[in-house]
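Engineer: I'll drop the sequence and a predicted model, then ask my questions.
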Amino acid sequence: SVDGITYYLLRYLPGTDGESFLDSTAPDAPFTDTPPEEGANSAPPLSKWAFYFRGRTYYGGNPENPNTVFYSGIDGAKEAVNPKEFVIVGNNIAEPLTGFASAGDFVLLFKERSTYMLTQDKSGLPIVTPVSTSVGAISDKAAVGFGGRVFFVSSSGLYAFDGSKVVPVSSDIADIVKRLPPAYLKNCFGWADPI
């Protein structure tokens, strides 16, 4: 008893000594569920970042596959990943993905020197389209979606993507970014502030 309140350790919970579980299946009933095919319900891969988009979860930044975005089943299996469900982003396999940012009905995937747009076809399969082969985000923290646009920091300045093209935001900001030491640039981040 503490401060006039008596605490009890419950050793018995009512309702747990019956012959069935909450789903009314007897403990000795045969298993009738069909197991998924092998690999179809695998745990998500090791990832630096993930995002949910149009019924699927996408995973990127895998150390063993730095150019690859893995994706889950649609809706009913939002986290499970089939090992065959992945997209390799870009032709340059030496340049790893650095992050993503979403805005509206698209997601941008970034490398340090290139940008790609992720959408889906009518059946829900991902489509990756190159947007820029010269500008990309320095990290996943350096990109933010706001008002249907994506703003991101590259090693050459601050850029915006409006759904059709990548454009620099300001030449003055570009000069400031170019003067930053590369070690500091990797730690920059962005956030959306409507005010």
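Structural biologist: Done, it's in. For clarity, every value in this text was computed on a predicted model and none was experimentally measured.

Engineer: And for this structure, the residue most distant from the center?
Structural biologist: Centroid-distance maximum for the chain: residue 4 at 50.4 Å, with Cα atoms, centre = their mean.

Engineer: Next up, the contacts around that residue.
Structural biologist: Counting by Cβ atoms under 8 Å, 6 or more residues apart in numbering, residue 4 touches no other residue. Glycine gets a C-beta too; all of them are placed from N, C-alpha and C.

Engineer: Backbone dihedrals for it, please?
Structural biologist: phi 80, psi 0 (degrees, to the nearest 10).

Engineer: repeat for residue 174
Structural biologist: phi -60, psi -40.

Engineer: Around it, how many other residues sit close by?
Structural biologist: Counted by other Cβ atoms under 10 Å, the residues lying close to residue 174 total 16.

Engineer: Check the spacing between the closest residue to it other than its chain neighbours and residue 104 real quick.
Structural biologist: If the residues on either side of it in the chain are set aside, residue 174 comes closest to residue 157, at 3.1 Å by Cβ to Cβ, 6 or more residues apart in numbering. Using Cβ to Cβ, to the nearest Å, we find residue 157 at a distance of 23 Å from residue 104.

Engineer: Compare the two and say which one has the larger neighbour count.
Structural biologist: Legend: neighbour count by other Cβ under 10 Å for residue 157 and residue 104, higher for residue 157 (19 against 11).

Engineer: That one reaches residue 172, doesn't it?
Structural biologist: No: applying Cβ atoms under 8 Å, one finds residue 157 not in contact with residue 172, separated by 9.4 Å.

Engineer: where does the protein dip in pLDDT?
Structural biologist: 1-2, 7-25, 35-41, 75-79, 194-195 (pLDDT under 70).

Engineer: Going along the chain, name the helices of it.
Structural biologist: Under the criterion DSSP state H, the chain contains helices at 171-179, 182-185.

Engineer: Looking at the ones you listed, which one is packed in the most?
Structural biologist: Neighbour counts (mean count of other Cβ atoms under 10 Å) averaged over each of those peak at helix 171-179, with a mean of 12.

Engineer: neighbouring contacts of that one?
Structural biologist: Contacts of helix 171-179 (Cβ under 8 Å, 6+ apart): 153-158, 168, 185.

Engineer: now, the most widely separated pair of these?
Structural biologist: Spanning the widest gap among the contacts of helix 171-179 are 168 and 185, at 16.1 Å by Cβ to Cβ.
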